[in-house]
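1. Sequence plus the predicted model coming up.
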There are 2 protein chains.
Amino acid sequence: MFEFTVEATSGAARAGTLTLPHGAVETPCFMPVGTQGTVRALSPNDLRAAGASLVLANTYHLHVRPGEDVVGRLGGLHRFMGWDRPLLTDSGGFQVFSLEGSRTVSDEGVEFQSHVDGSRRFLSPERAMEIQWSLGADVAMAFDHVVPGGADETSARDALERTLKWLERCAKRHAELKASHDGTTARRHETSDGQHANVPSCHQTLWPILQGGSHRALRLEALDRVLAMGPWTGLAVGGLSVGEPKAVTYETLALLEPRLPPAVPRYLMGVGFPEDLVAAVAGGVDLFDCVAPTRNGRNGTAYTADGPLNIRNAAHRDDARPLDPTCDCETCTTFSRGYLRHLFVAEELLGLRLLSLHNVRYLIRLTAEMRAAIRAGDYERWAAAWRRRYTQGETT
Amino acid sequence: MFEFTVEATSGAARAGTLTLPHGAVETPCFMPVGTQGTVRALSPNDLRAAGASLVLANTYHLHVRPGEDVVGRLGGLHRFMGWDRPLLTDSGGFQVFSLEGSRTVSDEGVEFQSHVDGSRRFLSPERAMEIQWSLGADVAMAFDHVVPGGADETSARDALERTLKWLERCAKRHAELKASHDGTTARRHETSDGQHANVPSCHQTLWPILQGGSHRALRLEALDRVLAMGPWTGLAVGGLSVGEPKAVTYETLALLEPRLPPAVPRYLMGVGFPEDLVAAVAGGVDLFDCVAPTRNGRNGTAYTADGPLNIRNAAHRDDARPLDPTCDCETCTTFSRGYLRHLFVAEELLGLRLLSLHNVRYLIRLTAEMRAAIRAGDYERWAAAWRRRYTQGETT
């Protein structure tokens, strides 16, 4: 049910297959982000057509709206959003700690204010597990304390200790939920705040998140202590791409990589742009998620083999070429740059969809190319050629 | 190339087939409206999946942005918007006369201000023909002077006389454009304002618009004088659904219907809601267009067999049923009302698309049902049963 096989390597880069209850995921893999139970502007058919195999949804957002009880009553997150392939939910930790407005952190958990209605809410490791269990994704993430990129060692140490204690509580509560679930039919269970929630009939695994900020000693200690609590079916690297210099991200990856168990998939959270994926795969990462392809798409930026382009640029007005002649997506096989520019200039909704679709497809094709290069034992050479073209191409 | 065959009748209601250069259109037919060269929130694939056979685009909007020269350089409107089935363009008359801001009407044409950049523009019968020729739709509409629903007889008479003179000029210019076009390759021609435009390789027919306001004598005179200028491959009834009581619309149709040539398709412009289509088909109308299904969809209103519903209503929060259990569209076969409500409450783009898609599919299914009832010779009984269910069903 939760297996991972590395099928080829090229340097530290790996190509593998991750088996989850809702299907197999080839790695390296990019997950589109369905923040509120929908990848913005895209339908499940669009995502399947783009080749997406694993989609991320946000526990925090679905908890505050519509609420995991509603999602549970409507058959769980897969049924709710019409997505039959694997799903991963984050724990809400990242959102709670990046929220504007007041929040109170204690060892028990985090009290925060809903961005939707201002109501006071409380998330704890136990609640994060229960919510994710109600949502029913294939992979649940541990509830963690995330610090900003520049956090000093004291703050990072404090957050790390809390994250590790919370991981223990997450693992305990997740095991209880699994044990109380007979694996065949939906049941009801009592949540830690005394309410009842629907338990979907699901198999779910829990992945821990490695924290430690930009501090090498903390990062190494975090890894040792998390591994000691295992075994795990996956490991996430968190607290990167949160404002620190990019060099720190890659140094941290380089520090961790030789010490990561090879047979476990590695998920670099919140990354990223095409060039980040190419670099992080070289550093041994298997899984990624990021809102960039859809957010950039809605802003009119399209990734192409020759680098990103801004479709609003007047240069595209009469351009009959597709966004990216090497791309096989619906956008590139149907529409000219001139038409796409018109959609953006005229503020038509279809433009938002078409660029989002293309960018998601772009990243998924990129992971397929990386996979092929790894299988050919040729990743570094491929990456250098890719980078040359991507950074030196036209960027109108 | 432009043929129309009535295959069955039931009372005044007709089922037929209209053959156009880009394909056959079964009637009664509802045309989704692609104002700016895109049916808002829907892709060509969505439209094909919804069963759309004929789409309308707005000459005024495409003229002011991106300009018919751009559309022409990008291969004409079909290629531009990725729509391989029949297209109809309106003439810009309705938009120019409904525009806010200053406009100056003379017998020569209409000077108006672009809503996009405020620039002064001029539309005349000749220019309207040239623009539509550059766009290259299967059907072009004559440039007409539209008066509001309550216009007195003097204004309506004035507008009618102008519309009839303009029709003559439209027919002359359209015939010139056709004659200067060899029917096989794209060529360039000089437009009446001295510029050059691309002539797409297209076959196009011109339909006149019957005006006359709410004045029976003017309506009858308009019909006689337009028919005398014929023959025509289609006739549009304009100046209805512009603020007059609905009874006036149907009285006007009833007045005209016995006098309309049976072998010519009749197009009631700007109509409408499901109940309007059912009534107008009983009055002998073959073709419709309206922004309502997509505009209502974006506002959260969905048509169902049991009447319209507002998906934002709290009653739908936990509702696992589809919008309309009788519907075969992607929205209804994939998503629950609860999920669709969530998309609207959370202001997700996908909701706008899914309800637009459903409403367009609803109207196209409705025309197919009407067609079947006509072929069964049973239209009035079918319409009564439909109306009973539609008006007495749930409307939350």
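-> Noted; the coordinates are in hand.
2. A:Glu26 and A:Asp286: what is the separation?
-> The gap separating A:Glu26 from A:Asp286 is 10 Å, by CB to CB, to the nearest Å. Any C-beta I mention is one placed from the backbone N, CA and C, and that applies to glycine too.
3. Mutual contacts of those two, please.
-> A:16, A:18 (CB atoms under 8 Å, 6 or more residues apart in numbering or on different chains).
4. and those two? which has more neighbours close in?
-> Set side by side, A:Glu26 and A:Asp286 show more neighbours around A:Asp286, with 26 against 17, by other CB atoms under 10 Å in any protein chain shown.
5. The one helix or strand A:Asp69 maps to and chain B, are they touching?
-> Per DSSP states H and E: A:Asp69 is located in helix A:68-73. Yes - using CB under 8 Å from any CB of the partner chain, helix A:68-73 comes into contact with chain B via A:70, A:73.
6. name the helices or strands packed onto that helix?
-> Applying 3 or more CB pairs under 8 Å, 6 or more residues apart in numbering or on different chains; DSSP states H and E, one finds that helix A:68-73 makes contact with helix A:125-135, strand A:196-199, helix B:337-345.
7. In CSV, list the ones you listed along with mean pLDDT, distance to A:Val360 and mean neighbour count.
-> Putting those into CSV (pLDDT from 0 to 100; distance: least, CB to CB, whole Å; neighbours: other CB atoms under 10 Å in any protein chain shown) gives the following:
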stretch, mean pLDDT, distance to A:Val360, mean neighbour count
helix A:125-135, 98, 22, 27
strand A:196-199, 48, 31, 18
helix B:337-345, 98, 18, 24
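8. Adding distance to A:Trp232, write those out as CSV.
-> Shown next, in CSV, are those (distance: least, CB to CB, whole Å):
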stretch, distance to A:Trp232
helix A:125-135, 15
strand A:196-199, 23
helix B:337-345, 32
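9. Strands of the stretch 201-350 of chain A, start to end?
-> Ranges of strands in the stretch 201-350 of chain A, per DSSP state E, counting those that start in this stretch, are A:205-207, A:209-210, A:235-237, A:266-268, A:287-290, A:301-302, A:309-310.
10. Can I get those in a markdown table including distance to chain B, mean neighbour count and mean pLDDT?
-> A markdown table is the format used below for these (distance: least, CB to the nearest CB, whole Å; neighbours: other CB atoms under 10 Å in any protein chain shown; pLDDT from 0 to 100):
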| stretch | distance to chain B | mean neighbour count | mean pLDDT |
| --- | --- | --- | --- |
| strand A:205-207 | 25 | 21 | 98 |
| strand A:209-210 | 26 | 27 | 98 |
| strand A:235-237 | 26 | 26 | 98 |
| strand A:266-268 | 25 | 26 | 98 |
| strand A:287-290 | 18 | 24 | 98 |
| strand A:301-302 | 17 | 22 | 98 |
| strand A:309-310 | 17 | 18 | 98 |
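11. ok, A:Leu99 - contacts?
-> By CB under 8 Å, 6+ apart, the neighbours of A:Leu99 are A:112-113, A:115.
12. brain fart, A:Leu18
-> A:3-4, A:24-27, A:29, A:234, A:265, A:286-287.
13. Which helix or strand contains it?
-> strand A:13-20.
14. and what of A:Pro32?
-> Under the assignment here (DSSP H and E), A:Pro32 is part of strand A:29-34.
15. so where's the stretch 101-250 of chain A shaky on pLDDT?
-> A:182-202 (pLDDT under 70).
16. residue in it nearest to chain B?
-> A:Val116 (8.5 Å; CB to the nearest CB).
17. Doesn't that residue lie inside a helix?
-> No - counting by DSSP: H, G, I helix; E, B strand; the rest coil, A:Val116 is not part of a helix but coil.
18. Give the burial count for it, as a bare number.
-> There are 11 residues near A:Val116, going by other CB under 10 Å.
19. likewise A:Pro308?
-> For A:Pro308, using other CB under 10 Å, the count is 18.
20. just checking, it touches A:Thr301?
-> Yes - at 5.2 Å, A:Pro308 counts as touching A:Thr301 under the criterion of CB atoms under 8 Å.
21. Can you name the residues of the stretch 251-396 of chain A sitting close to chain B?
-> A:317-318, A:320, A:330, A:334-336, A:338-339, A:341-343, A:345-346, A:348-350, A:352-354.
22. show me what contacts the nearest residue to A:Arg259 once chain neighbours are set aside?
-> Closest residue to A:Arg259 apart from its sequence neighbours, by CB to CB, 6 or more residues apart in numbering or on different chains: A:Leu223 at 5.8 Å. A:Leu223 makes contacts with A:210, A:256, A:259-260, as judged by CB under 8 Å, 6+ apart.
23. ditto for A:Ala368
-> Counted by CB under 8 Å, 6+ apart, A:Ala368 has contacts A:26, A:51.
24. Please, which helix or strand holds it?
-> helix A:349-375.
25. my guess is A:Gln204 meets A:Leu135, correct?
-> No - A:Gln204 sits out of contact with A:Leu135 when judged by CB under 8 Å, with a separation of 9.1 Å.
26. about what we covered before: of the strands of the stretch 201-350 of chain A, which approaches B:Arg79 most closely?
-> strand A:301-302 (20.0 Å; CB to CB).
27. so how far is that closest one off the chain centroid?
-> 20 Å (CA atoms, centre = their mean, to the nearest Å).
28. go on, stretch A:275-288?
-> 13 Å.
29. Could I have the CA atoms of it written out in CSV?
-> Extracted C-alpha coordinates of stretch A:275-288, given in CSV (Å, rounded to 0.1, in the frame of the first residue of the first chain):
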residue,chain,number,x,y,z
GLU,A,275,15.1,25.8,-12.0
ASP,A,276,14.5,24.9,-8.3
LEU,A,277,13.1,21.5,-9.3
VAL,A,278,16.1,20.8,-11.6
ALA,A,279,18.5,21.7,-8.8
ALA,A,280,16.7,19.9,-6.0
VAL,A,281,16.4,16.6,-8.0
ALA,A,282,20.2,16.8,-8.3
GLY,A,283,20.2,17.0,-4.5
GLY,A,284,18.2,13.8,-4.2
VAL,A,285,14.7,15.1,-3.8
ASP,A,286,11.8,13.0,-5.1
LEU,A,287,8.6,15.1,-4.5
PHE,A,288,7.7,18.8,-4.7
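30. what's the most centrally placed residue in chain A in contact with, if anything?
-> With distances taken as CA atoms, centre = their mean, the residue of chain A nearest its centroid is A:Asp289 (2.8 Å). The contact partners of A:Asp289, taken as CB under 8 Å, 6+ apart, are A:30-33, A:56, A:88, A:267, A:269-271.
31. Repeat that for A:Asn299.
-> No residues are in contact with A:Asn299 under the rule CB under 8 Å, 6+ apart.
32. ok, so what distance separates it from A:His61?
-> Taking CB to CB, one finds A:Asn299 at 21 Å from A:His61.
33. Buried residues, stretch A:291-306. List them.
-> The neighbour-count check on stretch A:291-306 (16 or more other CB atoms under 10 Å in any protein chain shown) flags A:291-294, A:296-298, A:300-306 as buried.
34. how far does that stretch stretch from start to finish?
-> 21 Å (CA to CA, to the nearest Å).
35. Break down the stretch 201-350 of chain A into its helices, ranges please.
-> With helices called from DSSP state H, counting those that start in this stretch, the stretch 201-350 of chain A shows them at A:216-228, A:246-256, A:274-282, A:292-298, A:330-334, A:337-345, A:349-375.
36. Could you dump those helices into TSV and include distance to A:Arg381?
-> Converted to TSV, the helices of the stretch 201-350 of chain A look like this (distance: least, CB to CB, whole Å):
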stretch	distance to A:Arg381
helix A:216-228	30
helix A:246-256	19
helix A:274-282	11
helix A:292-298	26
helix A:330-334	27
helix A:337-345	31
helix A:349-375	8
